[in-house]
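Chemist: sequence first, predicted coordinates after that:
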Amino acid sequence: MTATPINFQVSLTDTAKRLDASCDSTPNTLHGGKAIVARGVEMVFQNGSQKYRALKDINLDINQGEVHLLMGPSGSGKTTLLSILGGILTPTQGRVCLLGHDLTRSSRAKLSKIRLKNIGFIFQEFNLFPALNAMENVELALEMKGLKGRAGRREAMALLEQVGLAHKAKSMPRDLSGGQKQRVAIARALTGNPEIIMADEPTAALDSQSGHAVISLLRQLAKERNRTVVMVTHDPRIVDVADRVTYLEDGMLQADGLLQNRSAIH
Ligand SMILES: Nc1ncnc2c1ncn2[C@@H]1O[C@H](COP(=O)(O)OP(=O)(O)OP(=O)(O)O)[C@@H](O)[C@H]1O
């Protein structure tokens, strides 16, 4: 049976209420500001008569321009949290502000617009259209954001260049390696120039070398273009390229560690 989140009526805890003021005062142009702020976030799934509390009182700040990892054992709530931070799921309690937008008080239509404009998503299995070549996969995403024709083709090629894959523009996904497919997926996630990149296990299907190359690319995008990267991962090698790591266990935040002096790495 498909479980559904219950109680879409968001109730505000004290911590969540305190976010009221800051949601509007985090303009997305503020260099070094907060990209995402979550307060008192809870998520309860209902499966028939069974309720399952997947997230408990999550308070989290994600700074602009940082590479932020969500780590923890299987089932600890990482994907659920990423989905809530990205406005895909609405928490049963608490508040989430993303670049000044209050996700927990937005309609589905508004959420969809916020996501399209501000977030590029990357998935473990790449999710490329198999019948389209690399460039067409990126062009399609651009089309959905209103850029078509010659301008769309130019931009698609520029994005493939950015991820080092211009020479594979005409290749079909089946002829690309896993790492190359993930680069196309990154180029697609960059369409519309979103400030935030969210990735769920982006290296899980890759060998160690391509996984490392993909992560280095994401870090480079974060640092050179002040983009925020939020990534769910099990991969301990990625910790080296992160600015901060949030650990979850049983739906609770365990530690939010700041890793210093990462500029010399990769
Ligand atoms: N739609 C749903 N209905 C019911 N339970 C769910 C639903 N989505 C997630 N869960 C449960 O919530 C808990 C957290 O799931 P989640 O996928 O967020 O964990 P995770 O840390 O990302 O796990 P993994 O590393 O294995 O992907 C799990 O016990 C999962 O079974």
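Modeler: Perfect, thanks for sending it. Numbers count the residues shown, from 1 in each chain.

Chemist: how about the strands in this structure?
Modeler: Applying DSSP state E to the chain gives strands spanning 4-5, 34-47, 50-63, 67-71, 93-98, 101-102, 119-123, 196-200, 228-232, 244-249, 252-258.

Chemist: out of those, which gets nearest to R219?
Modeler: strand 67-71 (5.4 Å; C-beta to C-beta). Any C-beta I mention is one placed from the backbone N, CA and C, and that applies to glycine too.

Chemist: okay, helices next: where are they in the stretch 101-250 of the chain?
Modeler: In the stretch 101-250 of the chain, the helices defined using DSSP state H, counting those that start in this stretch lie at 108-118, 134-144, 149-162, 178-189, 208-225.

Chemist: now the first one: buried residues?
Modeler: Residues of helix 108-118 classed as buried by neighbour count (16 or more other C-beta atoms under 10 Å): L111, I114, R115, L116, N118.

Chemist: can you name the residues that contact the last one?
Modeler: With contact taken as C-beta atoms under 8 Å, 6 or more residues apart in numbering, N118 is in contact with N28, L98, L99, H101, P194, E195, I196.

Chemist: what of the second one?
Modeler: For I114, the set of contacting residues under the criterion of C-beta under 8 Å, 6+ apart consists of G87, L98, H101, L103, S106.

Chemist: repeat for the first one
Modeler: With contact taken as C-beta under 8 Å, 6+ apart, L111 is in contact with G87, L103.

Chemist: per-residue pLDDT, the closest residue to L132 other than its chain neighbours?
Modeler: Nearest non-adjacent residue to L132, counting by C-beta to C-beta, 6 or more residues apart in numbering: L140, 6.5 Å away. In this prediction, L140 carries a pLDDT score of 95.

Chemist: likewise for P5?
Modeler: P5 is given a pLDDT of 43.

Chemist: thinking again about what came up before, what's around the residue nearest to L132, how many residues?
Modeler: 16 (other C-beta atoms under 10 Å).

Chemist: my read: it touches F129, true?
Modeler: Yes: using C-beta atoms under 8 Å, L140 makes contact with F129 at a distance of 6.8 Å.

Chemist: quick check: beta-bridge partners of V232?
Modeler: V232 has these beta-bridge partners by DSSP bridges: L70, D200.

Chemist: tell me who's in contact with it.
Modeler: By C-beta under 8 Å, 6+ apart, the contact list for V232 reads L69, L70, M71, K78, T79, L82, A199, D200, E201.

Chemist: what would the residues you listed look like in a markdown table with neighbour count and distance to the ligand?
Modeler: Converted to a markdown table, the contacts of V232 look like this (neighbours: other C-beta atoms under 10 Å; distance: C-beta to the nearest ligand atom, whole Å):
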| residue | neighbour count | distance to the ligand |
| --- | --- | --- |
| L69 | 25 | 12 |
| L70 | 24 | 8 |
| M71 | 23 | 9 |
| K78 | 25 | 4 |
| T79 | 16 | 3 |
| L82 | 20 | 8 |
| A199 | 25 | 13 |
| D200 | 20 | 8 |
| E201 | 19 | 7 |
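
Chemist: looking at those residues, which is nearest I36?
Modeler: L82 (10.5 Å).

Chemist: what's the lowest-pLDDT member of the contacts of V232?
Modeler: Minimum pLDDT across those falls on E201, with 91.

Chemist: how about the residue most central in space within the chain, what does it touch?
Modeler: By C-alpha atoms, centre = their mean, the chain has its centre lying nearest to M198, at 1.2 Å. M198 is in contact with L82, L85, G86, I119, G120, F121, I122, V229, V230, M231, counting by C-beta under 8 Å, 6+ apart.
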